[in-house]
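Peer 1: Have a look at this prediction, sequence included:
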2 protein chains.
Amino acid sequence: MAIPTTINAAGREVPLEVNGKPVIPFKGVGKHKPFGNKYGPPIPSCSDFPDDGNKVVPTLEEALLRCGIRDGMTISTHHHLRDGDLISNRIFELASVMGVKDLVWFPSASFPCNDPVIRYLEDGTINRIEGSMNGPLGRFVSEGKMKGTAVLRSHGGRVQAIQDGDVKIDIAVLAAPSADAFGNARGTGGKSACGVLGYAKADSMYADKVIVVTDNLVDLPCFPAEIEGNYVDYVVVVDRIGIPEKIVSGTTQITKSPDRLLIAELTASFLEKSGILKDGVTMQAGAGGTSLAIAVFVHGILKSKGWKSKFGFGGSTKYMVEMLEQGQMGYILDAQAFDLDAVLSVSRNPNHIPYPVFNAYNYHSKGNLTTMMDIMILGATEVDLNFNGNVVTHSDGYLLHGIGGWQNCLHARNVILPLPLFRDRIPVIVDEVTTLCGPGELIDVIITERGIAINPRRTDLIESVRNSGLPLRTIKELKDEAERICGRPAKPVFDDKIVAAIKWVDGTVIDVVRKLKQ
Amino acid sequence: MAIPTTINAAGREVPLEVNGKPVIPFKGVGKHKPFGNKYGPPIPSCSDFPDDGNKVVPTLEEALLRCGIRDGMTISTHHHLRDGDLISNRIFELASVMGVKDLVWFPSASFPCNDPVIRYLEDGTINRIEGSMNGPLGRFVSEGKMKGTAVLRSHGGRVQAIQDGDVKIDIAVLAAPSADAFGNARGTGGKSACGVLGYAKADSMYADKVIVVTDNLVDLPCFPAEIEGNYVDYVVVVDRIGIPEKIVSGTTQITKSPDRLLIAELTASFLEKSGILKDGVTMQAGAGGTSLAIAVFVHGILKSKGWKSKFGFGGSTKYMVEMLEQGQMGYILDAQAFDLDAVLSVSRNPNHIPYPVFNAYNYHSKGNLTTMMDIMILGATEVDLNFNGNVVTHSDGYLLHGIGGWQNCLHARNVILPLPLFRDRIPVIVDEVTTLCGPGELIDVIITERGIAINPRRTDLIESVRNSGLPLRTIKELKDEAERICGRPAKPVFDDKIVAAIKWVDGTVIDVVRKLKQ
């Protein structure tokens, strides 16, 4: 039986239910008002926990059994160990051996190291992934091979879903670089330090059962505790939770591509000439090569003007740490540390403050950090003539990326997308994005190596750079130029089957990804 | 119509409903298993909060109006400003002027400075207080003058009640020595520093509406934030939230009474000779004069033996700070700072860690700090022959104190009550406590100036000091001696009317206080 669909406020056809549960179609930015109350997990009692506070059990298997793992449960993990994660796959390996079926994996993100879970999607251990799917996992989904429908949420949308009870986590398995026997845990210390553990905060607070897995058991109190032991049921000590060199890069790398450097320079120039970059500015950029180059250029401008950024929100890198240490940034508020310099800085600099996405990105909260950010540097796989953005699929229709914090960050004051005009001879600017992840009304500026397009809604920004000498273009001009060079790419052909739902920050469905026609 | 009553597991007659809501009679220590789920407050949306994160409104009155203050609401406050609190009374003064009636005041504790709220109990603004009632407020209740029935909970029981939805806070008004415009707040900094704000954690997380009131508005981020801005609706800036010299004592004072010093010395001697005091010990003592003297004696023993306490749980004082700074204590985990030395220490010593009662005392949690404490030094107004303890009423039947953390602390490994044999010629050891606050099975040792009584259940402790030369007595012997000196005190005579319900740590009713016959 076909699932009923409707056309949402963004003009996209979306289903009225996903995985058998009703969903709300996207109603427009800021239009959906939540109702009801936050989820409350079951009330525990101290009488069921050891008096000496020692919650250590011998193995992850035993912890899962004690948590009552069974068919259909939702298991959550965080991605702070990134491509060095040795725990997530192990959960499903154990579950598969136990014969548990139809689990939902609810990671805060997945990485190439998680590709082996395809095995457990195939053998029925996992019904579906609700989270980011990159590379082979994304292809698996796009080809219609996953039993359930994927649900993609932003980092903040994930917190919203947990808090509001849209997703009820049965067991959270939280790897921790340092933990005590009571379950207090943090991201610093030990051989698998990842800096911060903020993605795990909502999981620890709202999951029915919480397992902390560490390779560095320390004496109580493991402080400052990003995961509070009061929420933890079991602690498992293993040899290694991760592969250090894959948890953090030694150093994040600035782009060496001349085109990308040009984009970075143009971006810095735009920030300066438009007046967005100013003393006291708040800003956020990613850890990609172009973003890093922009950070370096911005650092130079701040220095030369004697300005100081009030704070930066991380994903932190060496380049943000340099701004902090050299006095051009007041604080780093940090949801994840990308490189070794950042990890070290978190543990030694009191102005480098763990700041969970729970507090920065959750739209169903009494305010967010993102709306306070002056400058937000983001990427995209595609942008269209209406400035709509796509970050999950490529123009060939394959689901290849997660949303990350992208949707949340769109709420900043000035959202700037430095993008190459084309990648592998595929234009980035299209008539209409393959998958709508962010409405164009929230995207302000597209900066390419061949010109800058400002969203016509931002007349203030257009005015600010009118006589600046910057290469201003319309987005249509940029698109036409790319197509003159590369030609117009073929559109992917989709089957009817919905393989993934894309949630907006408020939990509504903004778009779907359909199965690719083989 | 009379409220139905029953005899609970402690043999006390308790009602089956309080203030029109059903309650569960005490079932025995660790016997009541909670059911159901934690409370979830209404889901907010960022779209209802200012993009710039500025939640400042001009006055407390406006904040209360915006929170929709109305008849019958529950208003919570914390007591970190202790006897210097300038905010709590102001709330009810404003409510009275607005004509709001039948409010429930739900403070984490009250102080003499709060006596003026009697006016608002009398004029109908406040229906009842659910919290500690000292001095005149307690007399007001004992004389049957409060409209509703008081409910007394331990600090941990208060967290339990909030978390489990037994008490739904409509508006939390949280005074903060430092706060930013987004509502992030902490207990350090400014002119009204109180050190930590841990009592307010549950209120901020679970109240429907949260108002932060500060006299020290700082730039975002106000970190480390003990109250997270994400839970805050409004911020109010006032001239003064408190009277500094009444918020913290300059220095807490060691007893000068020879009898109390003798008790302290005996206690330290008992701790040493019984072997409870050892390298790595965990301990907690209060800020009373005898407790402070015990802390000084214990410090001396640790020093002379070259031992170190793993951590102490505060209420912190100068004497704990000295142990920390001189190397005889690893950490202070701190729920409240009692004196200036403690306040300073929290802001400068990374091993002096704010540790909310939320994490230390809540019995409906996945474990508590209290069961990990080796030594717990507590007081009592009365102890009876079965080692039952009373902390809320005096032998004359008047309700004169709150429970504080006392019930929670009874869960420690060794609970020791250093007590004078009599106060103002009223014996402290009685046949049966006037009000049962803590079952005797949890109270291990009574230490008086005329001898030490060990609970017969603790055969291990009795064995440990058998040949120590310590003045061991039975509790009956101590009682008889006191009565030989002071005579047997008259029993108070009570009316039938229940004026206060005493909750156990799990939310069940362990006893009641009745109106005194006039």
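Peer 2: Happy to help now that I have it.

Peer 1: got the contact list for the strand or helix carrying A:G156?
Peer 2: Using DSSP states H and E, A:G156 sits in helix A:155-164. In this structure, residues lying in contact with helix A:155-164 by C-beta atoms under 8 Å, 6 or more residues apart in numbering or on different chains are A:34, A:36, A:38-39, A:76, A:106, A:108-109, A:131, A:153, A:166-167, A:169, A:199, A:201-203, A:206, A:335, A:357-358, A:360-364, A:368, A:370, A:403-405, A:407-408, A:503-507, B:43. C-beta: built from backbone N, CA, C; applies to glycine.

Peer 1: Quick check on these: which are buried?
Peer 2: Among the contacts of helix A:155-164, those buried by neighbour count (16 or more other C-beta atoms under 10 Å in any protein chain shown) are A:34, A:38-39, A:76, A:106, A:108-109, A:131, A:153, A:166-167, A:169, A:199, A:201-203, A:206, A:335, A:357-358, A:360-364, A:368, A:370, A:403-405, A:407-408, A:503-507, B:43.

Peer 1: Okay, domains of chain A per the record?
Peer 2: Domains of chain A are assigned by automatic domain parsing as A:54-130+A:167-247, A:258-492.

Peer 1: Now do the longest one, average pLDDT.
Peer 2: When the per-residue pLDDT values of domain A:258-492 are averaged, the result is 96.

Peer 1: Distance from the chain centre to that domain, please.
Peer 2: Distance, stretch centre to chain centre, for domain A:258-492: 14 Å (C-alpha atoms, centre = their mean, to the nearest Å).

Peer 1: cool, and stretch A:149-163?
Peer 2: Here stretch A:149-163 shows a centroid-to-chain-centroid distance of 10 Å under the convention C-alpha atoms, centre = their mean.

Peer 1: hmm, back to that, on the C-terminal side of the helix holding A:G156, identify the next helix or strand.
Peer 2: strand A:171-176.

Peer 1: Would you mind writing the CA trace of that following strand as PDB?
Peer 2: In PDB, the C-alpha atoms belonging to strand A:171-176 read as follows (Å, rounded to 0.1, in the frame of the first residue of the first chain):
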ATOM      1  CA  ILE A 171      20.200   2.100  24.900                       C
ATOM      2  CA  ALA A 172      22.900   4.700  24.500                       C
ATOM      3  CA  VAL A 173      26.400   3.300  24.100                       C
ATOM      4  CA  LEU A 174      28.700   6.200  24.700                       C
ATOM      5  CA  ALA A 175      32.400   5.800  24.200                       C
ATOM      6  CA  ALA A 176      34.400   8.000  26.500                       C
END
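
Peer 1: Which strands border it, and is each parallel or antiparallel?
Peer 2: Next to strand A:171-176 in the sheet, as set by DSSP bridges, lie strand A:74-77 (parallel), strand A:209-214 (parallel).

Peer 1: Tell me which helix or strand comes right after the longest one.
Peer 2: Spelled out, it's strand A:209-214. strand A:234-237.

Peer 1: quick one on the thing from earlier: looking at the strands paired with strand A:171-176, which is buried most?
Peer 2: strand A:209-214 (a mean of 28; mean count of other C-beta atoms under 10 Å in any protein chain shown).

Peer 1: follow-up on the earlier one: looking at the buried ones among the contacts of helix A:155-164, which are in strands?
Peer 2: If you go by DSSP state E, those have A:76, A:106, A:335, A:503 in strands.

Peer 1: Of the residues you listed, which pair is most distant in space?
Peer 2: Between any two of those, the greatest separation by C-beta to C-beta is 19.0 Å, found for A:A335 and A:K503.
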